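[1] Structure of the sequence below:
(one chain, ligands or ions: 2)
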Amino acid sequence: MVDIDAPLLTARTRISVMLPLPLGGAYDYWAPVESAVAPGDFITVPLGKRQLIGVVWGEGRGDVSAKKLREIVGKCDATPLPEVSRRFINWVADYTVSPPGAILRMAMTAGGNFEPPKPIIAYARSKNDIDATVRLTPARRRVLDVLADLLSLPRAELCQEAGVSSAVIKGLLDAGALVQVELPQPATFAAPDTDHAKTELTGDQLAAANQLISAVDSKDTGDSGSEFSVTLLDGVTGSGKTEVYFEAVAAALAKGDQVLVLVPEIALTAQWLRRFTDRFGVAPAVWHSDIGQALRRRTWRAIASGEARVVVGARSALFLPYPTLGLIVVDEEHEAAFKQEDGAHYHARDMAIVRAKLGDFPAILASATPSLETLTNVERGRYDVVKLGSRYGGATLPHIEIIDMRTDPPPRNLPGQANGRGANFLSPPLSQALAATVAAGEQALLYLNRRGYAPLTLCRTCGHRMGCPNCDTWLVEHRFHRRLQCHHCGYSGPVPSTCPECTTEDALVTCGPGVERIADEVARLLPDARQTQMTSDTVRGPAAAAELVSRIEDHEVDILIGTQMVAKGHHFPRLTLVGIVDADLGLSGGDLRAGERTYQLLHQVAGRAGRGTLAGQVMLQTYMPEHPVMTALLDGDREAFMRAESEARRAGGWPPFGRLAALILSSRDPQAVDKIAANLGRTAPRTNDIQVLGPAPAPFAVLRGRHRRRLLVKSGRAINLQPAIRHWLGQISVPGNVQVRIDIDPYSFL
Ligand code: ADP
Ligand code: ZN
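    Residues are numbered from 1 along each chain as shown. Ligands and ions are numbered 1, 2, ... in the order given. Just a heads-up that it's a prediction; the model follows:
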């Protein structure tokens, strides 16, 4: 007997699917049994009128009635998301109090496209003779000439090489003079060769490397071949930390594992990439937000398939679907750049450690100025530590000198110059040292962590300050672009010739220096010196950074003037003088870590001096020579400084001796945000263990046109804050025009 209902009775199962969207959780769908989907599979599902790619998260939860459930569309051609990645996403979502879909989205940033890569179409000369009737214009001739040498080129390159429009190419194609060919995909991610060019390590380095290697090679009863551990590689600047952890990378590769190296700012890794390539014979896969769509897709697939063995990347690289990850190195672990503050707020160093724990493999944290968090974990015995106490190759640590700006002020401003032009910010000892360095054929670095020309413009007549129309901030003059800019919202406007308040002409004066203004001063002091600026305004992207770095290495630059972009990682052997224009910058403001961060940054900048055979000198300009940060730098006594920091934080119950979370509310409507803030303040979980501070206006009370209020939640270390926060927020209904952001372990207090 024929059963006409058979298709309807096809067996199907309930599965739960996580979508890369900030929704509450996974949604149930029907999956036909013959589709054989398994947890981790990427599948297409309907959502409303759309179709989306999501990940099978597990069995259905059964919280939606069978009738309402929709059926999946189909399976994608992609390597499934590994089980450990799914556990990691759930863990991070729980910890950061974010929707798991928002974390999954970071794991899927391949453009959401799982189609196999398309072949590349290129153009070549036709083998047949060109028909005599084809008119050969000069443009067409150029195309054919280019292809005579190069055989075939994709259209964009061909147009550029021959200097023609694509219409010319189409014309030649139609005339049969060109043919299309398919190019193979660009080179794949070749495996690094662990024996390519082994570095000869010094005795200290070898001992350190061996300790890291034994962490990688440690075996427990599990099958992963290693076990979870965290080791701090604590080495002075220039001690060869990179060379040392490369040996741990080699050990992990030798076991067949993948390795992730997290770096704070990918634009700075040109030198790092070259060193990796010198050591391992091939370049690693690189991951950051600026790589192009096509490369991003290929890289994602190569990581998911295990073909890409070493990945160096910014914090987002942490969420990629590594099937065999066996080691994470966090370079410059103290860097604030590891804290993500858009969308889900997370600290990449802390989450890297969680990832290592879930994957049961070691993590290495490298720094010359470890964070108080990490040092405290070493003290508590949770992390191991390996130390490198001296610079490689006999280089000595630089000589540090403090310049008291109260007794050694810069020369008076040049007379008769309007708009504060001619103002000076370099003290006599620093200018003299600068001149001497250039005269000796060496290089100098002037460091000032402030972009633009001047941080404040005000009216000499009425005192009006030029502020941002959207934010509670002052506008920064950028003389290069002749504009006033807001560094928070990106607002920019022309520099007015009259004061907008009192309309006096030519009364606006600039106050304080930015790097552009220091560049002016250097040009006045040493007009023949070759100077260049290194800031995010002048160096856009990794290629530009790499070019600048090689110009400095080739000694095409005498004086480098830069923001924190110059502070990290660079190794310029001829650089012997570092001048810190304003060492006090960053110490003011209510930031919990202001002292620690200033110390780390200045130490790092100072560490750029004298890394080769030439001795280095550092000059710190300050109005507070007796400040603990300055004396610690002068005495080279990191231990004492961190001990004092640690005592202060312990006494206040601040991290890492207590827990902290921030709630930041914002809205275009100040009344709406105040109402919710007051409401949250009233219902706050105030117990013996949990303290809620605020609501108070956030440090920038208005940002990008949004009014901001902040509450800080503080508790002892043993308290699990997240459930309390979830419960608290769950009781309040927040209108759509108010945004609530949760920042667990806040670092910046914006
Ligand atoms: P750190 O990261 O500790 O500041 P680096 O790893 O950048 O130090 O090393 C400083 C410089 O010394 C680099 O140019 C590096 O290539 C070189 N170097 C360090 N150790 C060795 C070694 N064993 N052999 C050769 N060069 C080394
Ligand atoms: Zn603004």
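
[2] Would you indicate which residues of stretch 660-670 are buried?
    Buried residues in stretch 660-670, defined by neighbour count with 16 or more other Cβ atoms under 10 Å: Leu660, Ala661, Ala662, Leu663, Ile664, Leu665, Ser666, Ser667. To be clear about C-beta, it is placed using only N, CA and C from the backbone, and glycine gets the same treatment.

[3] ok, the nearest residue to Ala209 once chain neighbours are set aside - contacts?
    Computed as Cβ to Cβ, 6 or more residues apart in numbering, the closest residue to Ala209 that is not its neighbour in sequence is Glu247, at 3.9 Å. Contacts for Glu247 (Cβ atoms under 8 Å, 6 or more residues apart in numbering) come out as Thr199, Leu201, Ala209, Leu212, Ile213.

[4] how does it look with 7 Å?
    Ala209, Leu212, Ile213 (Cβ atoms under 7 Å, 6 or more residues apart in numbering).

[5] now do Ser536
    Contacts of Ser536 by Cβ under 7 Å, 6+ apart are Arg451, Met565.

[6] Tell me if I am right that it is in a strand.
    No. According to DSSP: H, G, I helix; E, B strand; the rest coil, the state of Ser536 is coil, so it is not within a strand.

[7] How confident is the prediction for it, by pLDDT?
    Ser536 is assigned a pLDDT of 83 by the prediction.

[8] How much space separates it from Cys489?
    16 Å (Cβ to Cβ, to the nearest Å).

[9] Equivalent analysis for Asp77, please.
    Asp77 sits 42 Å away from Cys489, taking Cβ to Cβ as the criterion.

[10] List the buried residues in stretch 461-474.
    Across stretch 461-474, burial judged by 16+ other Cβ under 10 Å covers His464, Met466, Gly467, Cys468, Asn470, Cys471, Asp472, Thr473, Trp474.

[11] wait, does it make contact with ligand 2?
    Yes. Stretch 461-474 lies within reach of ligand 2 by Cβ under 5 Å from the ion, at Cys468, Asn470, Cys471.

[12] Pick out the residue of this protein closest to ligand 1.
    Across the chain, no residue is closer to ligand 1 than Gly240, which sits at 2.9 Å (Cβ to the nearest ligand atom).

[13] residues from the stretch 451-600 of the chain in reach of ligand 2?
    Taking Cβ under 5 Å from the ion, the part of the stretch 451-600 of the chain that reaches ligand 2 is made up of Cys468, Asn470, Cys471, Cys486, His488, Cys489, Tyr491.

[14] Low-confidence regions, the stretch 601-750 of the chain specifically.
    749-750 (pLDDT under 70).

[15] Close to ligand 1: what parts of the protein are there?
    Counting by Cβ under 6 Å from any ligand atom, the chain comes close to ligand 1 at 199-202, 205, 235, 237-243, 275, 392, 571.

[16] rerun that using 8 Å as the cut-off
    199-202, 205, 235-244, 271, 275, 331, 366, 368, 388, 391-393, 395, 569, 571, 573, 607, 611 (Cβ under 8 Å from any ligand atom).

[17] any idea which helix or strand comes after the longest strand along the chain?
    Looking across the chain with DSSP state E, the single longest strand is strand 690-703. Counting by DSSP states H and E, the next helix or strand C-terminal to strand 690-703 is strand 706-716.

[18] any chance of the residues of stretch 461-474 next to ligand 2 in a markdown table, plus secondary structure and pLDDT?
    Below are these laid out as a markdown table (DSSP: H, G, I helix; E, B strand; the rest coil; pLDDT from 0 to 100):
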| residue | secondary structure | pLDDT |
| --- | --- | --- |
| Cys468 | coil | 88 |
| Asn470 | coil | 84 |
| Cys471 | coil | 82 |
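
[19] Specify which member of those is nearest to Val557.
    Cys468 (33.7 Å; Cβ to Cβ).

[20] Contacts only, for the closest one.
    Leu475, Cys486, Cys489, Tyr491 are the contacts of Cys468 under Cβ under 7 Å, 6+ apart.
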